[in-house]
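Trainee: Fold the following, please.
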Amino acid sequence: MSVLVLVQMQGKTDRLLEASDRLAEAFGMPDGLTAQVAAPTDEGIVILQLWESEEQRTAANEAPEGRDALLESGILREAVTGTSVVCETDRIKFADVVAAHRPRRKRAPRAKAAASPADPV
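Mentor: Modelled structure (predicted):
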């Protein structure tokens, strides 16, 4: 069964986002972590994780590397308060998540107008 984790942290948004970036870099994408997103809120940040199973989530969070990444990121120091919700569900279809991804179209670079010698600088 898949696991959706929603963590809300209150504190200084910029500092929490920086710490969540450090955590994501150090924690990486352990086995079973399908998606991880951090977003700013009015009171801090929200982090969403999508895991393939509770066993994989538990293993990654209990591994020494996971605990070290959490402590070294500083996110716990920056959070004034926080809550988390862990939901097990069979309603997530990973093929649907992948299929829903649409690559961004590349924009053609805009041509810069050439300045004439009479233009003020």
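Trainee: Pull out the buried positions in stretch 52-59.
Mentor: By neighbour count with 16 or more other Cβ atoms under 10 Å, stretch 52-59 contains the buried residues 52, 56-57. All C-beta atoms are positioned from the backbone trio N, CA, C, and that covers glycine.
Trainee: Out of the residues you listed, name the ones that lie in helices.
Mentor: Here DSSP state H is the test, and these give 56-57 as lying in helices.
Trainee: could the buried residues of stretch 52-59 go into JSON lines alongside distance to Ala69 and pLDDT?
Mentor: Listed next are these as JSON lines, based on distance: Cβ to Cβ, whole Å; pLDDT from 0 to 100:
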{"residue": "Glu52", "distance to Ala69": "20", "pLDDT": "93"}
{"residue": "Gln56", "distance to Ala69": "16", "pLDDT": "96"}
{"residue": "Arg57", "distance to Ala69": "14", "pLDDT": "95"}
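Trainee: what's across from the spatially most central residue of the chain in the sheet?
Mentor: In the chain, the centroid-proximal residue (Cα atoms, centre = their mean) is Val37; its distance is 2.5 Å. Val37 has these beta-bridge partners by DSSP bridges: Leu48.
Trainee: That one against Leu48, yeah?
Mentor: Yes - with contact defined as Cβ atoms under 8 Å, Val37 counts as touching Leu48 (4.8 Å).
Trainee: Nearest residue to Val86 in space, please, no chain neighbours.
Mentor: Using Cβ to Cβ, 6 or more residues apart in numbering and skipping residues adjacent in sequence, the residue nearest Val86 is Val5, 5.2 Å away.
Trainee: swap that for Ala24, please
Mentor: Per Cβ to Cβ, 6+ apart, closest to Ala24 is Gln36, 6.2 Å.
Trainee: where does the one you found sit relative to Pro30, distance-wise?
Mentor: Remark: distance between Gln36 and Pro30 (Cβ to Cβ, to the nearest Å) = 10 Å.
Trainee: For Ala79, see how far away Arg67 is.
Mentor: Counting by Cβ to Cβ, the gap from Arg67 to Ala79 is 16 Å.
Trainee: between those two, which one's more packed in?
Mentor: Ala79 (19 against 11; other Cβ atoms under 10 Å).
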